[in-house]
Structures are given as C-alpha cells and as structure tokens.
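Trainee: 3D, please:
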Amino acid sequence: MSSTALTLAETQDFLDREFPQMQAGGRAYHLEAVGPLSARMRLEAQERFLRPGATVSGPAMMALADYALYAAILANIGPVALAVTTSLNVNFLRKPATGDLLAECRLLKLGRRLAVGEVLITAAGSDDLVCHATGTYSIPPR
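Mentor: Down below sits the predicted model:
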C-alpha cells in the first residue's frame, strides 16, 4: 500500500465529527501523522490524565493506544465509523517522564474484516518505551 485512503486532515476531521467524545474536556489527543499502515498520535499531558506522582495514568495510555490504532485503520480504509476494538493488550514498561506521550502505531494486518496493530508509546523526547500495546479491530462489511 503506497498511500492512504484519507489524508491527515481528513482523518482528523472524521474523528472530530464522528467521535467528539475523544476530546471531551478539551483537545488533548493530537493526530500528528498518518501513512501506509501507520499513524502517530500525541497525548498532551494535561492534569486530568495524571495519577499521583505526576505521571500519565495507565487508562490514559490505554486510550492513546486505542485511538492511535483507530486513526491508523481509518486513514487506511476510509471513513468507517463502526470499526470497533475487539481486543487490546497493554504492557506498561516503565513510569513515563512528566510531559506529553507519543504513540507510534503500525498495522500488522489490514484485512477485509479484521485489523491487527501494534502501538509503541514513549515520553516525548525519549526513545525509551513506556508502554507497548497490541490490538485487534473488527471492520464491518462495506
């Protein structure tokens, strides 16, 4: 696959229109790039995502991984709102440094009915993994 079905702007517009809950409380998830079988998303480390110790919480990292997978799938198959997560496996590897997190997603399989992907999450400015996730999405018939 040499290009995407949706551009970065088209993917972000679709997410804003069809999934506004993603940004409830103010924009914090920033889709930075989409590409063939890939996406990059940033989580702005706002107070609402922090746990005691001033680090980004596990649930916030899980959401970031899931959103990055969803964005990568949408960018590559087009606007299919009802693609849904069927599994998400998350491994928390180390406490992230205070600040934004970056999620790099690559799709390992993009079939007609299932998509499987991997997400690597790092603290901005670091190459050390703080979280590794794999997920599967069910894609409805088109």
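Trainee: Can you give me the buried ones in stretch 121-128?
Mentor: For stretch 121-128, a neighbour-count test (16 or more other Cβ atoms under 10 Å) marks I121, T122, A123 as buried. Bear in mind the C-beta positions are built from the backbone N, C-alpha and C, glycine included.
Trainee: swap that for stretch 36-46, please
Mentor: For stretch 36-46, burial by neighbour count (16+ other Cβ under 10 Å) applies to L37, S38, A39, R40, M41, R42, L43, A45.
Trainee: Then stretch 23-33?
Mentor: The neighbour-count check on stretch 23-33 (16+ other Cβ under 10 Å) flags A28, Y29, L31, A33 as buried.
Trainee: where do the helices sit along the protein?
Mentor: Secondary structure of the chain by DSSP state H: the helices cover 8-18, 58-77.
Trainee: Now render these as TSV, adding mean pLDDT, mean neighbour count and distance to L107.
Mentor: Formatted as TSV, those follow (pLDDT from 0 to 100; neighbours: other Cβ atoms under 10 Å; distance: least, Cβ to Cβ, whole Å):
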stretch	mean pLDDT	mean neighbour count	distance to L107
helix 8-18	96	16	14
helix 58-77	97	23	5
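Trainee: how deep is R94 tucked in, by neighbour count?
Mentor: Number of residues near R94 (other Cβ atoms under 10 Å) recorded here: 12.
Trainee: surely it meets H132?
Mentor: No - shown here, R94 and H132 do not form a contact pair, counting by Cβ atoms under 8 Å, at 10.8 Å.
Trainee: Alright, I will stop here.
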